[in-house]
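Colleague: Sequence and predicted structure, then a few things I'm wondering about:
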Amino acid sequence: MSTPNPCGRLYLIPSMIGNCPANYCIPPYNIQIVNRLSHFIVEETSSAYRTLRHIGFNGSFDNVTLYQLNEHSRPEDITEYLECTKDGHDIGLLSEAGLPCLADPGAYVVRLAHSKDIQVIPLTGPSSIVSAIISSGMNGQCFAFHGYLPIKSPQKENKIKSCEKYSAEFHQTQVFIEAPYRNNQLFNTLVSICLPTTLLSIACNVNSDDEYIAMKSISEWRKSNAPDLHKKPTVFCLLAN
């Protein structure tokens, strides 16, 4: 482990995905760290309180400071959030779901911390994206996460075909997500325009009671009943042959 910094440190705190109990995927060490902290950077304060309680925070919120990070946060605001580290206070960057900075805001906070020589400590925890890749049966040594695909046509179709072509050339798994209410539309688009031999994996509601993970070729998906992915967090993985 790195030599302790006299200044406070920035902890990257994962939160739950799905509805499984917190002790299924949040290590006890994380809970120890969370209970030592009194400063957190969060997306939504109301959900952050619930998340902290869920993962094991047992302190009084009267003694906790939450800094909100969203699309309205200015760089100077975020700089102020990290000022507490000058007084030796550790601070936590808390994700809404899964790992901070992975399909999640917070990268600027981490970059700023590095620029100020604040030690950054990532904590282990769940990630639907990582879970989707390792459960897909696809190439886990070479993959690309694209986040959200374009919403409109033909940009969306062009992006999918480009991903498929790149995947075939470099044997690279292509990973992307969609707004949950557009999942079924994306699935139908993938099945209709991708090559029959291309593999498509779907990881839906990871770590939930109704978790659904399946991998088939496009030709097999065309012969199967389409899964209902509507309003269910889903990660798509694609690998062309």
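Modeller: Looks like it arrived, so ask away. Since the model is a prediction, treat every value here as computed from it, not as a measurement. Numbering: from 1, shown residues only.

Colleague: Which of the three states applies to the nearest residue to P150 once chain neighbours are set aside?
Modeller: Distances taken as C-beta to C-beta, 6 or more residues apart in numbering place K156 nearest to P150, at 4.7 Å, with adjacent residues excluded. Bear in mind the C-beta positions are built from the backbone N, C-alpha and C, glycine included. Secondary structure for K156, judged by DSSP: H, G, I helix; E, B strand; the rest coil, is helix.

Colleague: what number of residues lie near K156?
Modeller: 18 (other C-beta atoms under 10 Å).

Colleague: Make sure it is actually in contact with L149.
Modeller: Yes: K156 is in contact with L149 according to C-beta atoms under 8 Å; the separation is 5.4 Å.

Colleague: Find residues that contact each of those two.
Modeller: By C-beta atoms under 8 Å, 6 or more residues apart in numbering, K156 and L149 have these common neighbours: L186.

Colleague: and the closest residue to P75 other than its chain neighbours, which of the three is it?
Modeller: Closest residue in space to P75, ignoring its immediate chain neighbours: Y108 at 7.3 Å, by C-beta to C-beta, 6+ apart. Classification of Y108 using three-state DSSP returns helix.

Colleague: Now do the same for Y108: its pLDDT.
Modeller: Listed pLDDT for Y108 reads 95.

Colleague: Distance-wise, check it relative to C101.
Modeller: 9 Å (C-beta to C-beta, to the nearest Å).

Colleague: if you count what's nearby, which of those two comes out ahead?
Modeller: C101 (17 against 13).

Colleague: what sits against the more buried one?
Modeller: Going by C-beta under 8 Å, 6+ apart, C101 touches L12, L93, S95, A107, V110.

Colleague: redo that, cut-off 10 Å
Modeller: L12, L93, S95, A107, Y108, V109, V110, R111, P122 (C-beta atoms under 10 Å, 6 or more residues apart in numbering).
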